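>>> Coordinates for the following, if possible.
(chains A, B, C and D)
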There are 2 protein chains.
Amino acid sequence: MDITFTREQMLWNHKGHQARGKGKSMAEKPARERKRGSGAQYVYEVLREEILDLILPPGSPIDENQLAERLSMSRTPIREALVRLAGEGLVTPLPNRSTVVSNIDFLSLHTFFDALTLMYRVTTRLAGEYHTPADLQIIRSRQADFARSVERQDALEMIATNREFHAAIAEAGRNVYFTNLFCRLLDEGQRILRLYYSSFNDQLPQRYVVEHEQMIAAIEARDINICDRLAKAHADQIVSQIQSMISRGVAHTIPL
Amino acid sequence: MDITFTREQMLWNHKGHQARGKGKSMAEKPARERKRGSGAQYVYEVLREEILDLILPPGSPIDENQLAERLSMSRTPIREALVRLAGEGLVTPLPNRSTVVSNIDFLSLHTFFDALTLMYRVTTRLAGEYHTPADLQIIRSRQADFARSVERQDALEMIATNREFHAAIAEAGRNVYFTNLFCRLLDEGQRILRLYYSSFNDQLPQRYVVEHEQMIAAIEARDINICDRLAKAHADQIVSQIQSMISRGVAHTIPL
DNA sequence: TGTATAATTTTTGTCGACAAAATAGTTTGC
DNA sequence: GCAAACTATTTTGTCGACAAAAATTATACA
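Residues are numbered from 1 along each chain as shown, chains lettered A, B, ... in the order given. Next up is the predicted model:
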């Protein structure tokens, strides 16, 4: 039940929407004069964003030569970026064949939801325990960003700002192991949500804003039990929304 | 409070004990005639093992040229392996300077223990939920290996077989996210335990054997509450042993 | 003698090239 | 007309080379 795309759909996505987003120029970068050592990092960031935004849809092959030409550098830093992305599971290298963007395995979603829920709980709990005033300030700022995108009914931005909000909470919990896993899960979740983002414009986001506020209050009060309960409720809410999106089956980025 | 080594200690470790273990030849590999595409994988495995066994101690720099010569291949596959290891946190790349084996951060050990304990619990719990008879067979086999190494009082083998036992339980839980994190934590734990393995020959391992048996029984009975409780007790036991080892401060691989 | 500067060596990050594998395309046989 | 075998092209994995950066050594100067 992996999601797959025909070659036409892939090309549609890739060519047609390649240069949208944060005003990237077609030439993609002035070419020469990059800082030494920043090459692979840059490729990594570009690819990561395109994968999470589904500009590179699941299953699509990544052509090293083409990328090298587009970003005007040699294949070496591109390969390094691909190895890193493979380590994070965003990309799957097929031996002696092209590397492809990892598929979204809908059959193992319960596994994903289990991990996501537990990480919601444990990071919020730890944030209640270890946060500093500076952390709270950042968290509140992220929450303001999220509320603004809900105001605007911008589903895509909601997904991104929601991610940043919870990532900030995780940071306040000060456990790299949990933060790393949680961010990986949030990334994976972003890919799934992007598939269904047109369903994201209902009454639920407003509820999320309220729940976020409650979580902030619980964190500030350092009441880890309430943190845990709120996080679990929030996670369950999100999980059931994703599940209902999937069962309704309105994937947005598989058009035509 | 990161652990550091003088250059002499590093050389002692590296040169003196490099070729011990599973009968690796000094030449390290027949050189030519490797399968295409296996190069980086091989380097990865060699480095990983040497890092976990502290043959390459924390903080020691990894010389790409030297490695390339030792394994008789070019720097390209070596760099790929290093990127992968960096992704797993076993190695830390210093920009424009050599990559070093990641330090063990004793100041953040509580963070490590938190994550380890939670993963012990959740993987055992999930194993109770999702295991198959085949899983149980593997788990029992790993437990037999562990019991044998306790019998032999071989502390180094205890560490390895204990790792495999719990990894098998995690596999039975069928959640890649948890399994991945757990294995990373077990690897990190292996490095710490190796530092103190001489303290590992007391009465505790026998107790671990018993606790393992109880966990197997709970998994087989599919009683996830007992699974959870036993896993927590087991984790607490191990954590407190490591803490007492550290407070006693008898590091074995920092000799002379 | 000690310290700051300059020259030298070592090491990393990137590049272009090449051979093994796989893919695509063409020819041959039935 | 279709399938199998062969050829050509594309693409990956690896290599050696080179330049930028850092580390090391040598030199100048107080």
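>>> Near DNA strand C, which residues of the stretch 51-200 of chain A are found?
By CB under 7 Å from any atom of the strand, the part of the stretch 51-200 of chain A that sits against DNA strand C consists of A:73, A:74, A:75, A:76, A:77, A:80, A:95, A:96, A:97. Every residue, glycine included, has its C-beta placed from N, CA and C.
>>> neighbours around the closest residue to chain B within the stretch 1-150 of chain A, how many?
Residue nearest to chain B within the stretch 1-150 of chain A (CB to the nearest CB): residue A:87, separated by 3.3 Å. When neighbours are counted by other CB atoms under 10 Å in any protein chain shown, residue A:87 registers 15.
>>> What residues sit buried inside the lengthiest helix in chain A?
In chain A, ranked by residue count with DSSP state H as the criterion, the top helix is helix A:224-248. By neighbour count on 16 or more other CB atoms under 10 Å in any protein chain shown, the buried set for helix A:224-248 is A:224, A:226-232, A:234-235, A:238-239, A:241-242, A:245-246.
>>> Near DNA strand D, list only the ones from those.
Of those, not one also sits near DNA strand D (CB under 7 Å from any atom of the strand).
>>> From residue A:191, how far off is the residue of the stretch 1-150 of chain A closest to chain B?
17 Å (CB to CB, to the nearest Å).
>>> which residue packs closest to the residue of the stretch 1-150 of chain A closest to chain B, ignoring adjacent ones?
Nearest non-adjacent residue to residue A:87, counting by CB to CB, 6 or more residues apart in numbering or on different chains: residue B:87, 3.3 Å away.
>>> need the contact list for the one you found.
With contact set as CB atoms under 8 Å, 6 or more residues apart in numbering or on different chains, residue B:87 has these partners: A:83, A:84, A:87, A:88.
>>> Any figure for the gap between residue A:185 and chain B?
7 Å (CB to the nearest CB, to the nearest Å).
>>> okay, that residue: pLDDT?
With respect to pLDDT, residue A:185 has a value of 97.
>>> Which parts of the stretch 101-250 of chain A are helices?
A:109-130, A:133-151, A:155-173, A:176-195, A:204-220, A:224-248 (DSSP state H, counting those that start in this stretch).
>>> now the angle between helix A:176-195 and the third one, please.
It stands for helix A:155-173. Interaxial angle, helix A:155-173 versus helix A:176-195 (axes from the mean of the first three to the mean of the last three CA atoms, to 10 degrees): 170 degrees.
>>> In terms of secondary structure, what does helix A:155-173 contact?
Judged by 3 or more CB pairs under 8 Å, 6 or more residues apart in numbering or on different chains; DSSP states H and E, helix A:155-173 is in contact with helix A:109-130, helix A:133-151, helix A:176-195, helix A:204-220.
>>> Repeat that for the last one.
Helices and strands touching helix A:224-248, as assessed by 3+ CB pairs under 8 Å, 6+ apart, comprise helix A:109-130, helix A:176-195, helix A:204-220.
>>> Can you lay out those helices as CSV showing distance to DNA strand D and mean neighbour count?
Output for the helices and strands packed on helix A:224-248, formatted as CSV (distance: least, CB to the nearest atom of the strand, whole Å; neighbours: other CB atoms under 10 Å in any protein chain shown):
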stretch, distance to DNA strand D, mean neighbour count
helix A:109-130, 27, 22
helix A:176-195, 22, 20
helix A:204-220, 40, 17
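>>> Out of these, which is closest to residue B:183?
When the helices and strands packed on helix A:224-248 are compared by CB to CB, helix A:176-195 sits nearest residue B:183, at 11.9 Å.
>>> what packs against that closest one?
helix A:39-52, helix A:109-130, helix A:155-173, helix A:224-248, helix B:109-130, helix B:176-195.
>>> and with 6 Å instead?
Under the contact criterion of 3 or more CB pairs under 6 Å, 6 or more residues apart in numbering or on different chains; DSSP states H and E, helix A:176-195 touches helix A:39-52, helix A:109-130, helix A:155-173.
>>> anything in the longest one near chain B?
When you say that, I think you mean helix A:109-130. Yes: Helix A:109-130 lies within reach of chain B by CB under 6 Å from any CB of the partner chain, at A:111, A:115.
>>> for the shortest one, same thing?
No: no part of helix A:39-52 sits close enough to chain B to count as contact by CB under 6 Å from any CB; the gap is at least 8.2 Å.
>>> contacts for whichever helix or strand comes after that helix?
Going down the chain from helix A:39-52, the next helix or strand is strand A:61-62, by DSSP states H and E. Contacts to strand A:61-62, defined as CB atoms under 6 Å, 6 or more residues apart in numbering or on different chains, come from residues A:98, A:99, A:100.
>>> Need the CA coordinates for the helix or strand following strand A:61-62. CSV is fine.
Following strand A:61-62 in sequence order, the next helix or strand is helix A:64-70 (DSSP H and E). Taking Å, rounded to 0.1, in the frame of the first residue of the first chain, the C-alpha atoms of helix A:64-70 are listed here in CSV:
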residue,chain,number,x,y,z
GLU,A,64,22.8,13.0,-9.2
ASN,A,65,24.0,14.5,-12.5
GLN,A,66,20.9,16.6,-13.0
LEU,A,67,21.2,17.9,-9.4
ALA,A,68,24.8,18.6,-9.8
GLU,A,69,24.1,20.7,-12.9
ARG,A,70,21.2,22.5,-11.3
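>>> Output the contacting helices and strands for helix A:64-70.
helix A:75-87.
>>> List the residues that contact residue A:129.
Residue A:129 neighbours (CB under 6 Å, 6+ apart): residue A:224.
>>> let's go with 10 Å and repeat that
A:172, A:173, A:174, A:175, A:219, A:222, A:224, A:227 (CB atoms under 10 Å, 6 or more residues apart in numbering or on different chains).
>>> will you turn the residues you listed into CSV that also has pLDDT?
What follows is these, written out as CSV (pLDDT from 0 to 100):
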residue, pLDDT
A:172, 98
A:173, 97
A:174, 97
A:175, 97
A:219, 98
A:222, 98
A:224, 96
A:227, 97
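>>> and which of the residues you listed is nearest to DNA strand D?
Of all the contacts of residue A:129, the one with the least separation from DNA strand D (CB to the nearest atom of the strand) is residue A:174, at 29.5 Å.
>>> Please determine how far the nearest residue to that closest one once chain neighbours are set aside is located from residue A:79.
With CB to CB, 6+ apart as the criterion, residue A:174 has its nearest non-adjacent residue at 4.8 Å, and that residue is residue A:130. Going from residue A:130 to residue A:79 by CB to CB gives 39 Å.
>>> just residue A:97 next, same as before
To residue A:79, residue A:97 is 14 Å away according to CB to CB.
>>> Residue A:118 - nearest residue in space that isn't next to it in sequence?
residue B:122 (6.5 Å).
>>> need the contact list for the closest residue to residue A:155 other than its chain neighbours.
Nearest non-adjacent residue to residue A:155, counting by CB to CB, 6+ apart: residue A:200, 3.9 Å away. By CB under 10 Å, 6+ apart, the contact list for residue A:200 reads A:153-156, A:158-159, A:162, A:193-194, A:241-242, A:245, A:252.
>>> what do you get for residue A:79?
Residue A:79 touches A:40, A:43, A:64, A:67, A:68, A:93, A:99, B:76, B:79, B:80, B:83, counting by CB under 10 Å, 6+ apart.
>>> Residue A:234 now?
By CB under 10 Å, 6+ apart, the contact list for residue A:234 reads A:117, A:120, A:121, A:124, A:166, A:207, A:208, A:211, A:212, A:214, A:215.
>>> In TSV, list these along with pLDDT.
Formatted as TSV, the contacts of residue A:234 follow (pLDDT from 0 to 100):
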residue	pLDDT
A:117	98
A:120	98
A:121	98
A:124	98
A:166	97
A:207	91
A:208	93
A:211	95
A:212	97
A:214	97
A:215	97
